[in-house]
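> Provided below for reference: sequence and predicted model.
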Amino acid sequence: MPERPEPEPGGAGRPEPRPGRRRRRLPALLTGAAVLGLIAGTCAGYLVQVGREPTALPPLSQPRLAEAAGPAPKPLSAARDRRVKVDGDLRRLLLKKPEGAREAVYRQGRDGWLNLTQLAESYNDPAGGYGAQLGDEFRRAAVVDWREDGDRTVEIRLLQYRQQEVLGAKDVAESGYYWAALDNDADSWAIPGTGDGMAYAHRTPRTGSGASVYRAEAHAWRGDLAMQIWIYDTEPVPKKDILDLAKRQMERL
């Protein structure tokens, strides 16, 4: 067996250096330099802060508000407090029967009140009307009606809603606008002072029981109250009559 020759210095048989030794030392050097840089930066920042004047902190307390002078305002009277008015006897907010007016042939409600069942019966679909009023959070309703000279009948309703989840009064008024406007043969006018209240006079009479009846109606709302007015007559109802009635009723609210 021949002897293994010794490698010559600097020759081709020189043993290879261990791989990776220098590569492992480089990260260590970089880490050391980074640490020294952080320390130097911290020291420099500290020296800068030490040389600065201290910044005063803002005051914790706020400026005191000036108190109003004089006695506290007096509470609203019952006549001016709307909540007292609408939570009291709702019938007192209805217009009074005109002098000389007679009782309507078909009276609505009982003793000026209209319960939910009676209200639903005035709908073409009583069951649907009952459910709709429940959904609008019906609370109570007051009604007044009368018969004037000739064959004119007037009916006014005030419907009140709890309005905990929905704006029932607004919904009922908008429903009135919708159904009245479906009649293309109707004139319409805004009720002054109501925002979106509307009055309608239908030009074509309804025929039933051998009689032709013209009708006019008005719908508006304020707060938790919805107003409904109907006028029935054997002659067309003038604009002035329905608008004047609606305006006077809304003024009482």
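Now that the structure is in, tell me what you want to look at.

> Low-confidence stretches in this protein?
Across the chain, the ranges flagged by pLDDT under 70 are 1-38, 40, 44, 48, 62, 76-85.

> Could you measure from D136 over to L167?
Counting by Cβ to Cβ, to the nearest Å, the gap from D136 to L167 is 9 Å. C-beta here means a position set from N, CA and C on the backbone, and glycine is covered the same way.

> which of those two has more neighbours?
D136 (22 against 16; other Cβ atoms under 10 Å).

> Which residue, neighbours along the chain excluded, lies closest to the more buried one?
In space, not counting the residues next to it along the chain, D136 is nearest to G168; the distance is 3.6 Å by Cβ to Cβ, 6 or more residues apart in numbering.

> What residues does that neighbour make contact with?
By Cβ atoms under 8 Å, 6 or more residues apart in numbering, the contact set of G168 is D136, E137, F138, Y161, R162, D224, A226.

> That one and K97: what is the separation?
28 Å.

> For P236, see how far away the residue nearest to D136 is.
Following Cβ to Cβ, the distance that separates G168 from P236 is 33 Å.

> my hunch is that P58 is in a strand, does that hold up?
No: counting by DSSP: H, G, I helix; E, B strand; the rest coil, P58 falls outside a strand, being coil.

> Pull the number of nearby residues for it.
Neighbour tally, P58, other Cβ under 10 Å: 5.

> What of the one 10 residues further on?
Under the neighbour criterion other Cβ under 10 Å, A68 is assigned a count of 8.

> Also W230?
W230: 17 neighbours (other Cβ under 10 Å).

> How about I191?
Residues near I191, counting by other Cβ under 10 Å: 22.

> Distance-wise, check the residue lying closest to it once chain neighbours are set aside relative to K239.
Once flanking residues are discounted, I191 sits nearest to G197: 3.6 Å by Cβ to Cβ, 6+ apart. Relative to K239, G197 is positioned 14 Å away (criterion: Cβ to Cβ).

> I156 now?
18 Å.

> Same question for W221.
Distance, W221 to K239, by Cβ to Cβ: 21 Å.

> about what we covered before: what's the most distant pair in the contacts of G168?
Distances among the contacts of G168 were taken as Cβ to Cβ; the most separated pair is R162 and A226, at 12.7 Å.

> neighbour-wise, which of those two wins?
A direct count of neighbours by other Cβ under 10 Å for R162 and A226 places A226 higher, at 25 against 13.

> Test my guess that that one contacts I156.
No: counting by Cβ atoms under 8 Å, A226 sits too far from I156 to count as a contact (11.6 Å).

> all helices for the stretch 51-200 of the chain, in order.
82-87, 116-121, 126-135, 168-181 (DSSP state H, counting those that start in this stretch).

> Determine the angle, from 0 to 180 degrees, between the third one and helix 168-181.
Looking back up the chat, that one is helix 126-135. 140 degrees (axes from the mean of the first three to the mean of the last three Cα atoms, to 10 degrees).

> Which strands and helices lie in contact with helix 126-135?
Here helix 126-135 touches helix 116-121, going by 3 or more Cβ pairs under 8 Å, 6 or more residues apart in numbering; DSSP states H and E.

> and for the helix it packs on, what are the contacting residues?
Taking Cβ under 8 Å, 6+ apart as the rule, helix 116-121 contacts Q108, G109, R110, P126, A127, G129, Y130, Q133, L134, F138, A141, L159.

> excluding its backbone neighbours, what's nearest the fifth one?
With sequence-adjacent residues excluded and distances taken as Cβ to Cβ, 6+ apart, A127 is closest to A120, at 7.5 Å.

> hmm, back to that, comparing G197 and K239, which residue is more hemmed in?
The residue with more neighbours, out of G197 and K239, is G197; 22 against 15, by other Cβ under 10 Å.

> And the buried ones among the contacts of helix 116-121, selectable in ChimeraX?
Buried residues among the contacts of helix 116-121 (16 or more other Cβ atoms under 10 Å), as a ChimeraX selection:
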select :108,109,129,130,133,138,141,159
